[in-house]
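>>> whatever this is, show me its structure:
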Amino acid sequence: MRTYEQDAGSGTYGGAGTLELPWPFTGRTDELELVRGASAAGRPGIVVTGPAGQGKTRLITEAVRGTDHQRVTGTPEARDLPLAAFAHLLPDTVSLHRAVRALSGVRVLVVDDAQLLDETSAALVHQLAVRGRTRLVVAAADGVPAPGAVSRLWTGELLPRLALGPLPREDTARLLAGAALEPLTVRRLHRACRGDLRLLRDLVTALAGSGRLTPVPGTRERAWRGALPVTPAVRDRLAPALERSCPAEREILDRLAFAEPLPLDPDALEPEPLERLESDGLVHVDDRGAVSLAHPLHGTALRATAGRLRARRLAPAADAHAPALAAEQRTLAERVERLDVTPVPTPVGEWLVAEGVPLPPGYAALRARFARLRGELREAAAWAREGLRAAPSDAGCRRELALADGEPGTGADPDGVHAAYDAVRRGDPGRAAGRLPAGSVFARHAEALARGDGAALDRAAQALAERGFLLYAAEAHAQAARAHRDPRAARRSRTRALALARRCEGARTPALTGLVLGELTARQRQIVSLAAAGLSNREIADRLTLSVRTVGNHLYGAYTRLGTGDRGALPWLVEVPETA
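Predicted structure coming up:
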């Protein structure tokens, strides 16, 4: 029984592993609804800000799709030409006052790269906001100077501001699903790009084109190990580090690239150059005095650009990483023992994997277990396979791989507490009686389930999520949905279970499978199952000899009962029929 699914590709990659554009719109559900709502009739609009490359333009494009709107875009080349961005909407010569009047009939105006507008265009946008007749949807990049009239759109509270954060890792994984990348490669790409989707696209294209993605034995996935492809986009991001004129500063950066983190030792790291690097945001010093590079991309890029002799001088000895790796392993073991699997920094293990260095099987098995307890089943399997590369017969890694893959006959987690808790997850709390630590989050879950207390199950789910047990939290919410007598409370629990299950790579367990189909009519169950399998409304209508409108009506009624309006959420709520 396979316990997780990777999202099907959406045409992101061609058969030869080449990137096809544009990428499918992924994630940002809340942000999308916020932009749509802000640009609806009776609203003044919105400003979307964030670092370059994080998908502001794509979000806005998706939000205004199908609406009557006009678009203008600021460009560096036209920044000194008055009203250049509006040239396609205005006469050749026009005053600011007449421009405002000419555009007052535009219902929705999208202003992209507003930080690059000339001063007159910026003033025009500001005046349109003041008049309030035109709904404005404005995108502006952070970290670069913008005309005062643009920044006053939100500082002057003319328009609400949405600060766009990085795309979460689970959404990055869905975006890259068509590339069939194994989870550790997805994690590495996500960390390196820090939400910059342009850079992500550039790197994946370069990796696919250079043959650096290698097949993972026993899977259909590919992995990236070794050097970073130094593309023009990478060099652009690396410029602050590569262009340091001070030799001492560059020496510190290179040393960190090959051996971070380093202790804050004045004899090893010169204080003044280090302080300048910290002031410029290139290095980070934590509370324990450990120094590391501030941006994950810099380490792998500096290693890739170092000459062979320099790399040989700076690279640590083969066993130099052993003490730090052992310390990471102890930290992970202690956290599992304390029933707390919230993320912890593990730079050494991730660095070894990125460089293709074999991992000790004990460390790999523990990393696999930590990921599995968090509900990251595909990542757990990837860590176990890393351990098996060095020790193909290691029992711990083999067991973790089987548990992550949900193989029949694997049995429960071998640990006593987790083995007892497995009965709670299966809906049999009686078998765990007296076997769970008193007062622990596992015990509270068992007690709530034994009482059939929906509210207590929701509270236990929240506590589980706070400790990093996302899959267990999803299961507790699913059990709460069945325990609640109030349909509204049941829908809330069901929605929360869905949201957490999606973060767990679509895990399917007995508590989650078929969560709500029993509450639907027979026809709704039939249509929802086909929709979950990926069929369009037209395809469902043709298969069931119904009208497209009838299919839509059944789906609308089902969405109401399911507590979701997201078609992409259906596979996490229902079993997909094998014949579909």
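>>> okay, and for the stretch 451-580 of the chain, where does confidence drop off?
Within the stretch 451-580 of the chain, the segments meeting pLDDT under 70 span 506, 513-519, 560-580.
>>> wait, the stretch 1-150 of the chain
Under the criterion pLDDT under 70, the flagged ranges of the stretch 1-150 of the chain are 1-23.
>>> what about 80?
Low-confidence regions of the stretch 1-150 of the chain, defined here as pLDDT under 80, cover residues 1-27, 41.
>>> all strands of it, in order?
Counting by DSSP state E, counting those that start in this stretch, the stretch 1-150 of the chain has strands at residues 45-50, 70-73, 108-112, 135-141.
>>> now the ones you listed in CSV, with distance to residue 502 and mean neighbour count?
Bear in mind the C-beta positions are built from the backbone N, C-alpha and C, glycine included. CSV is the format used below for those (distance: least, C-beta to C-beta, whole Å; neighbours: other C-beta atoms under 10 Å):
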stretch, distance to residue 502, mean neighbour count
strand 45-50, 23, 23
strand 70-73, 32, 18
strand 108-112, 30, 23
strand 135-141, 27, 25
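>>> just put those in a markdown table and tack on distance to residue 416.
Formatted as a markdown table, the entries for these read as follows, by distance: least, C-beta to C-beta, whole Å:
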| stretch | distance to residue 416 |
| --- | --- |
| strand 45-50 | 47 |
| strand 70-73 | 61 |
| strand 108-112 | 58 |
| strand 135-141 | 53 |
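>>> between those strands, which one is closest to residue 176.
strand 45-50 (20.3 Å; C-beta to C-beta).
>>> neighbouring strands - and their directions - for that closest one?
strand 135-141 (parallel), strand 161-163 (parallel) (DSSP bridges).
>>> what residues are bridge-paired with residue 72?
Beta-bridge partners, per DSSP bridges, of residue 72: residue 111.
>>> does it touch residue 113 like I think?
No - the criterion here is C-beta atoms under 8 Å, and residue 72 misses it with residue 113 at 9.3 Å.
>>> ok, now which ones touch residue 259?
Taking C-beta atoms under 8 Å, 6 or more residues apart in numbering as the definition of contact, the neighbours of residue 259 are 314, 316, 320.
>>> report the buried members of these.
When burial is judged by neighbour count using 16 or more other C-beta atoms under 10 Å, the buried members of those are residue 314.
>>> so can I have a markdown table of the contacts of residue 259 showing distance to residue 387?
Listed next are those as a markdown table, based on distance: C-beta to C-beta, whole Å:
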| residue | distance to residue 387 |
| --- | --- |
| 314 | 28 |
| 316 | 21 |
| 320 | 20 |
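>>> which of the contacts of residue 259 fall in helices?
residue 314 (DSSP state H).
>>> please produce CSV containing the contacts of residue 259, extended by distance to residue 285 and pLDDT.
CSV is the format used below for the contacts of residue 259 (distance: C-beta to C-beta, whole Å; pLDDT from 0 to 100):
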residue, distance to residue 285, pLDDT
314, 20, 84
316, 20, 77
320, 21, 79
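>>> and which of the contacts of residue 259 is nearest to residue 543?
Of all the contacts of residue 259, residue 543 sits closest to residue 316, with 60.5 Å by C-beta to C-beta.
>>> surely the closest one and residue 258 touch.
Yes - in this structure, residue 316 is within contact of residue 258 by C-beta under 8 Å, at 6.7 Å.
>>> contact partners of stretch 184-199?
Contact partners of stretch 184-199, identified using C-beta under 8 Å, 6+ apart, comprise 23, 51-55, 58, 165-167, 169, 172-173, 175-176, 181, 200, 203-204, 213, 222-224, 228, 233-234, 237, 295-297, 300, 350, 353-354, 379, 382-383, 386.
>>> in the stretch 51-200 of the chain, which spans are helices?
Applying DSSP state H, counting those that start in this stretch to the stretch 51-200 of the chain gives helices spanning 56-64, 96-103, 119-131, 148-155, 169-175, 183-193, 197-210.
>>> so which of those helices gets nearest residue 456?
Taking C-beta to C-beta as the criterion, helix 169-175 is the member of these that comes nearest to residue 456, at 28.0 Å.
>>> just the C-alpha atoms of that closest one, please, in CSV.
Once side chains and other backbone atoms are set aside, the C-alpha atoms of helix 169-175 remain, and they are given as CSV (Å, rounded to 0.1, in the frame of the first residue of the first chain):
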residue,chain,number,x,y,z
ARG,A,169,8.5,24.3,0.2
GLU,A,170,5.5,22.1,-0.3
ASP,A,171,4.2,24.4,-3.0
THR,A,172,7.7,24.5,-4.6
ALA,A,173,7.6,20.7,-4.6
ARG,A,174,4.2,20.7,-6.4
LEU,A,175,5.6,23.3,-8.9
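>>> gap between that helix and the chain center?
Relative to its chain's centre, helix 169-175 lies at 5 Å (C-alpha atoms, centre = their mean, to the nearest Å).
>>> quick one: buried residues of stretch 357-373?
Counting neighbours by 16+ other C-beta under 10 Å, the buried set in stretch 357-373 is 359-373.
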